[in-house]
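Visitor: Sequence first, then the predicted structure, then my questions.
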Amino acid sequence: SQQGEEDPQALSIQEGENATMNCSYKTSINNLQWYRQNSGRGLVHLILIRSNEREKHSGRLRVTLDTSKKSSSLLITASRAADTASYFCATNTGNTPLVFGKGTRLSVIA
Amino acid sequence: SAVISQKPSRDICQRGTSLTIQCQVDSQVTMMFWYRQQPGQSLTLIATANQGSEATYESGFVIDKFPISRPNLTFSTLTVSNMSPEDSSIYLCSPGSGHEQFFGPGTRLTVL
């Protein structure tokens, strides 16, 4: 069953703007991971944030985690047309399989 | 990160037939997860495969429909049996990890 819910389900922005996607989950977790999927392709791992971390950066990506609210956000700064994709959050506990949210479809318009 | 390959990358099949998807990892992994992604949807776990034991299936998935083999620690197969158009999906394998979890490139299956 789906653990997370992404918000919004779809987002359309202009190139150069920032994009923020949110993810909520229901149970305690060890870590939360964000993935990107270009249309019909495989999943690209973006970033992992552990339950004892609050914020993590990777290039133009910034991820926050609030375990008290069971939520995470993914910020993409200075977006590019190539960032157009679906973004998923996924959670697990230890070696358990990932449970995915429903995803956010991001469209970056040049 | 592990290098994960899947074969075939895509296939178009007739209803009633079966397709076996192969997943190869370049390092030994204890657990292999198989996921399905139906069109426009998120990923759903089909089963967890450990070497030397039967796979564990999630609710809604059964061994007769999705038999899995795990002959060694670097390889696994998922068969989609007696296919119907509802089986049209992307199927992805993912070696289990307590840290970053990576995915194969996926197999896009279309059933006519």
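Guide: Received the coordinates, thanks.
Visitor: list the contacts for the residue most central in space within chain B?
Guide: Nearest to the mean C-alpha position of chain B, by Cα atoms, centre = their mean, lies B:Trp34 at 3.8 Å. Residues in contact with B:Trp34 (Cβ atoms under 8 Å, 6 or more residues apart in numbering or on different chains) are B:23, B:45-49, B:66, B:68, B:76, B:78, B:91-94. C-beta coordinates here come from the backbone N, C-alpha and C atoms, glycine included.
Visitor: Would you mind measuring from it to B:Ser69?
Guide: Distance of B:Trp34 to B:Ser69, given as Cβ to Cβ, to the nearest Å: 11 Å.
Visitor: list the helices and strands the helix or strand harbouring A:Val108 packs on?
Guide: The secondary structure element spanning A:Val108 is strand A:104-109 (assigned by DSSP states H and E). Contacts defined by 3 or more Cβ pairs under 8 Å, 6 or more residues apart in numbering or on different chains; DSSP states H and E place strand A:104-109 against strand A:10-14, strand A:19-24, strand A:85-92.
Visitor: still on that earlier bit, filter the contacts of B:Trp34 down to the ones close to chain A.
Guide: B:45, B:48, B:92, B:94 (Cβ under 8 Å from any Cβ of the partner chain).
Visitor: Could you list which of those belong to strands?
Guide: With strands taken from DSSP state E, the overlap with the ones next to chain A among the contacts of B:Trp34 comprises B:45, B:48, B:92, B:94.
Visitor: who in chain A is up against chain B?
Guide: Near chain B, the residues belonging to chain A are A:2, A:30-31, A:33, A:35, A:40-43, A:45, A:48, A:88, A:90, A:92, A:94-95, A:97-103 when assessed by Cβ under 8 Å from any Cβ.
Visitor: Surely B:Arg36 touches B:Ser88?
Guide: No - using Cβ atoms under 8 Å, B:Arg36 is not in contact with B:Ser88, being 10.2 Å away.
Visitor: Tell me which of these two has more neighbours.
Guide: Set side by side, B:Arg36 and B:Ser88 give different neighbour counts by other Cβ atoms under 10 Å in any protein chain shown, the larger being at B:Arg36 (22 against 17).
Visitor: bridging residues for the more buried one?
Guide: Taking DSSP bridges as the rule, B:Arg36 bridges to B:Thr44, B:Tyr91.
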